[in-house]
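# have a look at this prediction, sequence included:
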Amino acid sequence: MLRVRFAPSPTGFLHIGSARTFIFNWLYARHNQGAMILRIDDTDVDRNSQASLDSIFEGLRWLDLPWDEQYRQSDRVDLHRQMAWRIFEKGLAYRDFTPATTQGGEGTWLFNPGMRELSPEESRRRADAGEPFVLRFRVAHDDPNPVKFHDAVYGEQSKLPADIEDFALLRSNGIPTYHMASCADDIDLRISHIIRGQDHLTNTFKHGLIFEAAGAAPPQFAHLPLLIAPDGSKLSKRKHGPVVSVTTYRDYGFLTQAFINFLCLLGWSPKDDREKMSRQELVDAFSFEGINRSNAVVNFTEQEPFDPKAVWLNAEFIRTLPLAELAGLLSPFVPAKFDKLEQIAPLIQERIKLLSDAATVADFFFLDELPPYDPEELIPQKGDPAMAITALKRALEILATADFNHQALDAGLRAGAQDLKIKPGQMFQPIRVAVCGRKNAPPLFETLEVLGRDVCLKRIAQAIQKL
RNA sequence: GGCGCUAUCGUCUAACGGUUAGGACGGAGCCCUCUCAAGGCUUUAAUACGGGUUCGAUUCCCGUUAGCGCUACCA
């Protein structure tokens, strides 16, 4: 059975690049009726935090793409160690007693001098004496045959052993490194396909060596191009702020489906001209052939914190939402009861791009007192304050008695404009500003209807005072 | 520095040797219209550079340049 895994490490919030990796794994699993495994790669005890673990689960839960199995690497350390020592026993790893502080530096580093050729006896003796060591893989640097693997996205890959350093398997504190833990788990969990970021492409040579040393057949690999910032650098919270965190998208009112859709279009294409796709369409269309090889820019700026395409997709999905569903989704963003929201929803559905826009675009529905506005805005096009006052006074009379439904209001106010010998637009604008506190608002009659007679009369009266 | 990967409109991408280099977002304009949206139409803009191979290169090969990744007892 096909088995894929998503293996985040809890050293930070859930990054949108990680989210895309998760989504691609999920799509691949679903497309092939395989299993999706979530594995928390928490081998770096110093950098792990509960906060990031929470953030990861929070983000994944919002994505609403359920996984089938779940593991945590820290529960499986014994397994990783055993596999490391089995590699050691085969002579494919050795103890390196070089203190950590003396390492690093310029140029190519392959191994620490003197440690590869320590005799088994001496190595054992020093270890028994309590001297700390790391367990290193013994790469066959003199082997002229390249290490090879096939990547489903990047094709045939090969690298000379002479260019691969003796990487660590076990740290001096006994905790397995990422390479060791990851491979041991991939073997033990029978992972058939590893789909991950391209930053692991060159690590894969090391992993190939581990699989071979452990006597396991390597899985299939598919590396994904990275998501980068407009300046070409990698996305980081420190440099680019909250836009790189999944929960930020949720908090600003992205729909899960729009967010997933957007991420899928970064580095992958269905190869036809489809852009807006449902989850099922994505599952059906997803394949490694559609994955690109070059990094994709998430196009945000300081003024526009979200990629315009993500925003556009979100607006598209909002427009297709059933009104009751939209009203429900809106409720965390605005102070209004559900039945009021159901009335408002149709008026703002095609006027908001993010759910959070409702709070600003439709504020006048929720506020008791309108925020201050410029009385000049009450004056109609090619009109003067006197015209505004006349129009508003007439509106007051009409609204005092009219039926409060939009057909009646439409007819009544148009008739009023005709009586006053002004254009309908000149009649409507003062009313709109009086009632909404702004020039740009949803259609007038529906808005009046939702606001109700009392509020409308009160606000128009207040507007007349301002003139 | 070494090794690896990548390079089509501003951005996301399509074109797997032959196209007026297509679509989408964004921008601009027009139409519709009680404002704003939405919708419709039009428009804007690209094969990084230099060599090959070929009747013919966005596409294949080499080089240059640029970007990214790995080069840790991070993942």
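Happy to help now that I have it.
# ok, residue A:405 - how many residues close by?
12 (other Cβ atoms under 10 Å). Any C-beta I mention is one placed from the backbone N, CA and C, and that applies to glycine too.
# how about it, nearest residue that isn't a chain neighbour?
Distance criterion Cβ to Cβ, 6 or more residues apart in numbering; nearest residue to residue A:405, sequence neighbours excluded, is residue A:449 at 5.9 Å.
# quick one: contacts for that neighbour?
Taking Cβ atoms under 8 Å, 6 or more residues apart in numbering as the contact definition, residue A:449 lies against A:404, A:405, A:406, A:409.
# for chain A, which element, helix or strand, carries the lowest mean pLDDT?
The element with the least model confidence among the helices and strands of chain A, by mean pLDDT, DSSP states H and E, is helix A:237-240, at a mean of 82.
# which parts of it are buried?
Buried residues in helix A:237-240, counting neighbours by 16 or more other Cβ atoms under 10 Å, are found at residue A:240.
# and the next element down the chain from that helix?
helix A:246-251 (DSSP states H and E).
# hmm, the helix or strand following that next one touching RNA strand B?
Under the assignment DSSP H and E, the closest C-terminal helix or strand after helix A:246-251 is helix A:256-264. No - residues of helix A:256-264 contacting RNA strand B under Cβ under 7 Å from any atom of the strand: none, with a closest distance of 8.5 Å.
# now, among the contacts of residue A:449, which is nearest to residue A:330?
Nearest to residue A:330, judged by Cβ to Cβ, of the contacts of residue A:449 is residue A:406 at 21.3 Å.
# wait, doesn't the closest one sit right on residue A:446?
Yes - with contacts defined as Cβ atoms under 8 Å, residue A:406 counts as touching residue A:446 at a distance of 5.1 Å.
# for the closest residue to residue A:165 other than its chain neighbours, give me the pLDDT.
Once its chain neighbours are removed from consideration, residue A:165 has its nearest residue in residue A:110; the separation is 4.8 Å (Cβ to Cβ, 6+ apart). If you check residue A:110, the pLDDT there is 92.
# ok, residue A:102 next?
The predicted local confidence for residue A:102 comes out at a pLDDT of 51.
# what's stretch A:395-414 in contact with?
Everything outside stretch A:395-414 that qualifies as a contact, by Cβ under 8 Å, 6+ apart, is A:415-416, A:424, A:427-428, A:430-431, A:434, A:443-446, A:448-449, A:452-453, A:456-457, A:460-461, A:464.
# just the buried ones from those?
Neighbour-count burial within the contacts of stretch A:395-414 applies to A:416, A:427-428, A:430-431, A:434, A:444-446, A:448-449, A:456-457, A:460, A:464; the criterion is 16+ other Cβ under 10 Å.
# thinking the residue nearest to residue A:165 is in contact with residue A:167, fair?
No - proximity of residue A:110 to residue A:167 does not meet the contact threshold set by Cβ under 8 Å, at 10.2 Å.
# okay, and the common contacts of those two?
Contact criterion Cβ under 8 Å, 6+ apart; residues shared by residue A:110 and residue A:167: residue A:139.
# neighbour count for those two, which is higher?
Per other Cβ under 10 Å, whichever of residue A:110 and residue A:167 has more neighbours is residue A:167, with 21 against 13.
# show me how the record splits chain A into domains.
Taking automatic domain parsing as the reference, chain A has its domains at A:3-70+A:182-228, A:78-170, A:368-466.
# all strands for the stretch 51-200 of chain A, in order.
For the stretch 51-200 of chain A, strands defined by DSSP state E, counting those that start in this stretch occupy the ranges A:69-72, A:93-96, A:134-137, A:147-151, A:155-159, A:168-170, A:193-197.
# which one of these lies nearest to RNA strand B?
With Cβ to the nearest atom of the strand as the measure, strand A:168-170 is the member of the strands of the stretch 51-200 of chain A nearest RNA strand B (3.4 Å).
# helices and strands around the closest one, which ones?
With contacts taken as 3 or more Cβ pairs under 8 Å, 6 or more residues apart in numbering; DSSP states H and E, strand A:168-170 sits against helix A:77-89, strand A:134-137, helix A:178-188.
# show me which residues of the stretch 301-450 of chain A sit near RNA strand B.
For the stretch 301-450 of chain A, the residues found near RNA strand B under the criterion Cβ under 7 Å from any atom of the strand are A:307-309, A:312, A:315-316, A:319, A:350-351, A:410, A:424-425, A:428-429, A:432, A:439-445.
# of those residues, buried ones?
Using 16+ other Cβ under 10 Å, the buried ones in these are A:307, A:315, A:351, A:410, A:428, A:429, A:432, A:441, A:442, A:444, A:445.
# can you put these in a markdown table and add pLDDT, distance to residue A:253 and secondary structure?
Supplementary listing: these in a markdown table, determined by pLDDT from 0 to 100; distance: Cβ to Cβ, whole Å; DSSP: H, G, I helix; E, B strand; the rest coil:
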| residue | pLDDT | distance to residue A:253 | secondary structure |
| --- | --- | --- | --- |
| A:307 | 97 | 15 | coil |
| A:315 | 98 | 11 | helix |
| A:351 | 97 | 13 | coil |
| A:410 | 94 | 32 | helix |
| A:428 | 96 | 30 | helix |
| A:429 | 95 | 30 | helix |
| A:432 | 97 | 25 | helix |
| A:441 | 96 | 20 | coil |
| A:442 | 97 | 18 | coil |
| A:444 | 97 | 26 | helix |
| A:445 | 96 | 27 | helix |
